[in-house]
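Trainee: 3D model of this:
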Amino acid sequence: MEYTVHVRMNERLFLRDPEQSELGRRIIRLGITLIDELGFEETTFRKLADRLNTKEASIYRYFENKHRLLVYLVAWYWQWLEYQVVFQTHNLSNPHDKLESVLRLLLLKDIDEMASDDIDIRALHRIVIREASKAYLTRHVTEDNRQQLFKPYKDLCSRIANLMLTYRPNYPFARSLASTIIETAHYQSFFMQHLPSLTDFGVTKDENQLLAYLDHLLFTSLEH
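Mentor: Now for the predicted structure:
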């Protein structure tokens, strides 16, 4: 089944809403492609403007700098993922099954069933794995937090934590475990591809083994 997800973004993330114009939408979609190809450090608005066949100043009308664009993309992904958690678990009655569905979503399993308004979700997922921590590991993180730029990530963690509490109501560390599971899924995916000695999956690069590890980590913690 295919469906389209429309994500409403925090207006503090942009100077002009990119989804309200053709150029803005192209900035987002080609921005994902460029960051995925080059990495955040090597990406510049000049290079993006060349891809768009426009002037660099045109991009600055939408985003004040490339870090703001990265925060926008990461926030978009977290909101999209929370929607997937709600959608994919809605018809499941067993709390254990709901949490296993969440683990599969964190690794972007079954992506062929997910449509997303022509956003390249796999490319954005790779960006989140490699670059998401750069959105908040900054000296101005406190001010960004006051502006609720990280609310989508907090909402996702809260959603997953609530599912954990449905599974085990007296578990005292649900929010901590929720953020740990998300970060572990992403860091272990990164290590598996680039720093294989830091995982047990570096040789096989088998996502199913990683999924089994996440399952072990989650339910061992909840049942301890």
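Trainee: from Thr204, how far off is the closest residue to Val203 other than its chain neighbours?
Mentor: What sits nearest to Val203 in space, not counting adjacent residues and going by C-beta to C-beta, 6 or more residues apart in numbering, is Pro196, at 6.7 Å. Using the backbone N, CA and C atoms, a C-beta is placed for each residue, glycine as well. According to C-beta to C-beta, to the nearest Å, Pro196 stands 10 Å off from Thr204.
Trainee: what's the mean pLDDT across the lengthiest helix in the chain?
Mentor: The residue-count maximum for a helix in the chain (DSSP state H) belongs to helix 66-89. Helix 66-89 comes out with an average pLDDT of 96.
Trainee: now the angle from the following helix or strand past that helix to helix 66-89?
Mentor: Sequence order places helix 95-106 as the next helix or strand after helix 66-89, per DSSP states H and E. Here helix 95-106 points in a direction 150 degrees away from that of helix 66-89 (axes from the mean of the first three to the mean of the last three C-alpha atoms, to 10 degrees).
Trainee: what's helix 95-106 packed up against?
Mentor: helix 66-89, helix 151-167, helix 174-194, helix 207-223 (3 or more C-beta pairs under 8 Å, 6 or more residues apart in numbering; DSSP states H and E).
Trainee: who touches the residue lying farthest from the centre of the chain in this structure?
Mentor: Computed with C-alpha atoms, centre = their mean, the residue of the chain farthest from its C-alpha average is Lys55, at 29.0 Å. By C-beta atoms under 8 Å, 6 or more residues apart in numbering, Lys55 lies in contact with Ala49.
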